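Engineer: mind looking at a prediction? Sequence and model below.
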Amino acid sequence: MPSSTAQSWCRLAGVLLFAAACCAAALSGCARCLILAGPDTPRMGIFRASTSPPFVEPQKYSLYVSPHLSRLQPHRVVIVPTGTESGRYQVPLQFAEALASAIRLAGLTEVVIPTGGDCHLTVDRILSGQFEECEILDLAKTWNCDAVLFVRVNQLQAHAPLRACVTAALVDTRESVVIFAMDGNWDLADAEIRMGFEHFLNTRCLDLPATQQQLQRRSPHQLFAYIAHQITRAWYTSL
């Protein structure tokens, strides 16, 4: 009996040692997995890294969206710069080019910018409905489009802090009605607008040297690109 008891205790001790060795190996493997796992590797909840919330762009502008926008979404748009309050044409043309690039990049529709002088139609006349239907139809026939996007740069401050006031109105040529319009004052003295502008630049200019990035932050052309991005985004998300 004493010999049998001793053998039993030896067997029990062996089992316990084997179990302890298995637990140690398992814990070692888990630790190794946690060390080797990258930040995107799924883990237990207590080890899961918190993700930063997505950036929310400021929406400090006035927006009108027709309930018929989706039905009347154009296939081809002509962008018509209508001059600033001072009558200058070149500045709205530069903005029209930035807006055309943003619309093409988003794949919203085909875009064309007319060549030639200033348009006699104004954004104010369009938004107030004080225009003849034949004026819109003439533009549609000339440029083979089914919508006209009138843009105006109301004000531009080209030195720091950059500021631009812009109005845009999209008119369906089939029914001669405004189906989308946006008006805003993008003033980089506003902390939220400046943050949105810098976030926009960071997605475009990451590969540039720091000195060039600083120049981009002071460029009116980049502010136009940001405003064009916001108009395009508002149009896209309204469909």
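Structural biologist: Thanks, I have the structure now.
Engineer: what's the domain layout of the protein?
Structural biologist: 2-47, 63-238 (automatic domain parsing).
Engineer: how about the ones you listed in CSV, adding mean pLDDT and distance to residue 53?
Structural biologist: (Each C-beta comes from the backbone N, C-alpha and C, glycine too.) As requested, those are exported to CSV (pLDDT from 0 to 100; distance: least, C-beta to C-beta, whole Å):
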stretch, mean pLDDT, distance to residue 53
domain 2-47, 46, 17
domain 63-238, 90, 13
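Engineer: reformat the ones you listed as a markdown table; add mean neighbour count.
Structural biologist: Output for these, formatted as a markdown table (neighbours: other C-beta atoms under 10 Å):
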| stretch | mean neighbour count |
| --- | --- |
| domain 2-47 | 9 |
| domain 63-238 | 17 |
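Engineer: can you lay out those domains as a markdown table showing distance to residue 55?
Structural biologist: Compiled in a markdown table, the domains of the chain are given as follows (distance: least, C-beta to C-beta, whole Å):
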| stretch | distance to residue 55 |
| --- | --- |
| domain 2-47 | 19 |
| domain 63-238 | 5 |
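Engineer: helices of the chain, start to end?
Structural biologist: 2-36, 90-106, 123-128, 133-143, 191-204, 210-217, 220-238 (DSSP state H).
Engineer: that older thread, quick one, which of the domains of the chain gets closest to residue 54.
Structural biologist: domain 63-238 (10.7 Å; C-beta to C-beta).
Engineer: how about the contacts made by the closest residue to residue 73 other than its chain neighbours?
Structural biologist: In space, and not counting its chain neighbours, residue 73 is closest to residue 239: 6.2 Å by C-beta to C-beta, 6 or more residues apart in numbering. By C-beta atoms under 8 Å, 6 or more residues apart in numbering, residue 239 lies in contact with 69, 70, 73.
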